[in-house]
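**Q** Quick one, structure for this:
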Amino acid sequence: MSRRRQRGAMAAGLGLAAAGLARLAPVVADLSSNRLIRGDEPTVSDAARDLHARLIVVDLHADTLLWARNVLAESARGHVDLPRLRRGGVALQVFSSVTKVPRGLNYDTNGDDTDLITLLAITQGQPRRTWTSLLERSLHHADKLDRAAADSGGALVRVGTSADLDRLLASRAAGADVTGALFSVEGLHNLGGDLANLDRLEAAGVRMAGFAHFFDNAVAGSMHGRVKGGLTGLGREVFDECERRGILVDLAHASHRTVEEMLGRATRPLVSSHGGVQATCAVNRNLTDDEIRGVAATGGVVGIGFWEGAVGALTPAAVVDAIEHVIDVGGLQTAALGSDYDGAVPMGWDTADLAILTEELLARGHPAGDVAAVMGGNAIRVLRCSLPE
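**A** A predicted model of the protein is given here:
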């Protein structure tokens, strides 16, 4: 072989190797970010299993759509897919769209001048429109969820109205093994500063919206931003439009000033989809007692997460400690689940093992009716009265 051909073959080989590494990068990122760290999980009693099988279980937050996985197929990576949702008895999963994450991510101070999701979008082979547009990333996630529902043979159904929710619950009550999927967005930076883009998100099925994620944006300050301000003028317009359209406003990641302003402005239930409480885990993004009381006053719910930054430890006991504090401060009707599965945080168990929380609640003496409320009944109440008809 001539030297020219050798150089050509070497270049082609290096190109193929680089392409292979690029395809592997999202898998490696998924494996390293969404790990399971198993601990000494409690044995689930027959009584807890029997009760769990009868519950309407709702999880208010998972970031599964971000990753290059088939939602319908069981995966060795991450925390959520349809087979595991079914084993975990989940009636409704809220799937969130993550569109921008800054480099050097931390809970204290982040800017909006860098982004890790762009590289992920490119290496995952997403449509080119998603490489430069945060709005298109959310629309792509909506399409991904639509395709999964369409290909599931009726096992996964999109929920966008109160009527959809009632049909889902009626099907499950009749014995159908069907799981609902509600679409949310994590940070309204995907509006691009344009209120008109809310029309496109609503048409794509968005029914819950966190206003900020890890940085301040054009609608609201983030608990993790540089300024940590409140609602902007645009943010107040968007807030009112969300309430009018039946899009639940999500307090998660919002600055304390933004939370205060939202609580004062609300005419409908507010949710904190995933997080913790400062009384049991003193991290800045977790809710104060006054904020818990504020959410309760709107008729909303606080979804307790399962990761260390939310509850302090990867144990069912830590999760239930936070749930019990919400009950003590805001009342039983305010407590809910918001795992943050597949949110680039390690977890102690995946969605197939949610019965361990039922076990922990029962072991602490909570009656079956209270367990049912926490595990999903409260979230269903809020969704039924908030979603469009």
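
**Q** At which residues are the strands of the chain located?
**A** With strands called from DSSP state E, the chain shows them at 57-62, 90-97, 156-158, 179-186, 206-210, 248-250, 271-275, 301-304, 335-337.

**Q** Which of the ones you listed sits closest to residue 103?
**A** Smallest distance to residue 103 across the strands of the chain (CB to CB): 17.6 Å, for strand 179-186. Yep, even glycine has a C-beta here, placed from its N, CA and C like the rest.

**Q** Please name the strands paired to that closest one in the sheet, noting orientation.
**A** Paired with strand 179-186 in the same sheet, following DSSP bridges, are strand 90-97 (parallel), strand 156-158 (parallel), strand 206-210 (parallel).

**Q** Residue 219 and residue 294, how far apart?
**A** Note on residue 219: its distance to residue 294, by CB to CB, to the nearest Å, is 20 Å.

**Q** Neighbour count for these two, which is higher?
**A** With neighbours defined as other CB atoms under 10 Å, residue 219 and residue 294 compare such that residue 219 has more, 24 against 21.

**Q** and residue 350, which of the strands paired with strand 179-186 is closest to it?
**A** Across the strands paired with strand 179-186, closest to residue 350 is strand 90-97 (CB to CB), at 11.1 Å.

**Q** Quick one: mean pLDDT over that closest one.
**A** Mean pLDDT, strand 90-97: 98.

**Q** next one: that strand to chain centre, how far?
**A** Computed by CA atoms, centre = their mean, to the nearest Å, the chain-centroid distance of strand 90-97 equals 7 Å.

**Q** Just the CA trace of it, in CSV.
**A** Taking C-alpha atoms only, strand 90-97 is exported to CSV below (Å, rounded to 0.1, in the frame of the first residue of the first chain):
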residue,chain,number,x,y,z
VAL,A,90,-46.7,4.0,38.9
ALA,A,91,-50.1,5.3,37.6
LEU,A,92,-48.7,8.6,36.4
GLN,A,93,-45.2,9.8,35.7
VAL,A,94,-44.4,13.5,35.0
PHE,A,95,-41.6,13.6,32.4
SER,A,96,-39.7,16.8,32.3
SER,A,97,-37.7,18.5,29.5
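
**Q** May I see the buried residues of that strand?
**A** 90, 91, 92, 93, 94, 95, 96, 97 (16 or more other CB atoms under 10 Å).

**Q** center of this structure - which residue?
**A** Against the mean C-alpha coordinate of the chain, by CA atoms, centre = their mean, the closest residue is residue 61 at 2.4 Å.

**Q** returning to what we had before: compile the strands paired with strand 179-186 into CSV and extend it with columns for distance to residue 188.
**A** Formatted as CSV, those follow (distance: least, CB to CB, whole Å):
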stretch, distance to residue 188
strand 90-97, 11
strand 156-158, 21
strand 206-210, 6
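
**Q** how about those, which one is nearest residue 308?
**A** strand 90-97 (19.6 Å).

**Q** by how many degrees do the closest one and strand 57-62 diverge?
**A** 10 degrees (axes from the mean of the first three to the mean of the last three CA atoms, to 10 degrees).

**Q** isn't residue 188 right next to residue 238, touching?
**A** Yes: under the criterion of CB atoms under 8 Å, residue 188 makes contact with residue 238 at 6.3 Å.

**Q** higher neighbour count, these two?
**A** residue 188 (31 against 24).

**Q** what about residue 318, how many residues close to it?
**A** By other CB under 10 Å, 22 other residues sit near residue 318.

**Q** should've said residue 199
**A** So residue 199, with other CB under 10 Å, has 12 neighbours.

**Q** burial of residue 36, as a residue count?
**A** Count around residue 36 with other CB under 10 Å applied: 15.

**Q** and it, what are its bridge partners?
**A** Going by DSSP bridges, residue 36 forms beta bridges with residue 347.

**Q** dump the residue contacts of it.
**A** 79, 346, 347, 348, 349, 350 (CB atoms under 8 Å, 6 or more residues apart in numbering).

**Q** hang on, residue 70 packs against residue 81?
**A** Yes: using CB under 8 Å, residue 70 is in contact with residue 81, at 7.4 Å.

**Q** okay, these two: which has more neighbours?
**A** residue 81 (22 against 13).

**Q** Residue 302 and residue 266: what is the separation?
**A** Taken as CB to CB, the span from residue 302 to residue 266 is 14 Å.

**Q** Just want to know which of those two has more residues nearby.
**A** Under the neighbour definition other CB under 10 Å, residue 302 and residue 266 were set side by side, and residue 302 has more, 34 against 19.

**Q** So, low pLDDT: which residues of the protein?
**A** Applying pLDDT under 70 to the chain flags the ranges 1-26.

**Q** Wait, residue 247 touches residue 209, no?
**A** Yes: using CB under 8 Å, residue 247 makes contact with residue 209 at a distance of 5.4 Å.
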